[in-house]
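Trainee: sequence-free structure coming up:
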């Protein structure tokens, strides 16, 4: 497997995690939107065809989860790819606003989006 370099870009409202694979000029990305204090939505994960099978998309989701744990925010998993990975990693529930297999929703302003326990 080729070396994957990960980074984060954030303008305070929207952002993206970026993956670059050694020897490939294109990049994969996972876009997100800030939805409130300590809350983001994972909106879309995309990788160009040349990067398919490189592990870049999975690395982006893993990086998102690690970032959420490190910085104490919750994730609304709107992206189908993020939800599919979450199904395989139910231990991510600590940073997700829904349980594995539950349909996410965007909360009204001022609501955390977390389902009541």
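Mentor: Sure, I can see it. Model, not experiment: these values are computed from the prediction.
Trainee: Longest helix in this protein, please.
Mentor: When every helix of the chain is counted residue by residue (DSSP state H), the longest turns out to be helix 56-71.
Trainee: Next, count neighbours for residue 19.
Mentor: Residue 19 is flanked by 25 other residues according to other Cβ atoms under 10 Å. Using the backbone N, CA and C atoms, a C-beta is placed for each residue, glycine as well.
Trainee: ah, wrong one, I meant residue 18
Mentor: As a burial measure, the neighbour count of residue 18 was computed by other Cβ under 10 Å and equals 18.
Trainee: Can you show me the strands along the chain?
Mentor: Counting by DSSP state E, the segments of the chain that form strands are 4-10, 14-21, 27-36, 39-46, 74-77.
Trainee: The longest helix of the chain vs strand 39-46, what angle?
Mentor: Counting by axes from the mean of the first three to the mean of the last three Cα atoms, to 10 degrees, helix 56-71 lies at 170 degrees to strand 39-46.
Trainee: what does the average pLDDT come to for helix 56-71?
Mentor: Taken as a whole, helix 56-71 has an average pLDDT of 98.
Trainee: which residues are contacting it?
Mentor: By Cβ atoms under 8 Å, 6 or more residues apart in numbering, the surrounding residues in contact with helix 56-71 are 4, 6, 8, 17-21, 28-30, 32, 40, 42, 45, 47, 51, 73-75, 81-82, 85, 89, 92, 94-95.
Trainee: Check which residues of that helix are buried.
Mentor: Within helix 56-71, the residues that qualify as buried are 56-65, 67-68, counting by 16 or more other Cβ atoms under 10 Å.
Trainee: That one: how far from the chain's middle?
Mentor: Using Cα atoms, centre = their mean, to the nearest Å, we find the averaged C-alpha position of helix 56-71 to lie 6 Å away from the chain's own average C-alpha position.
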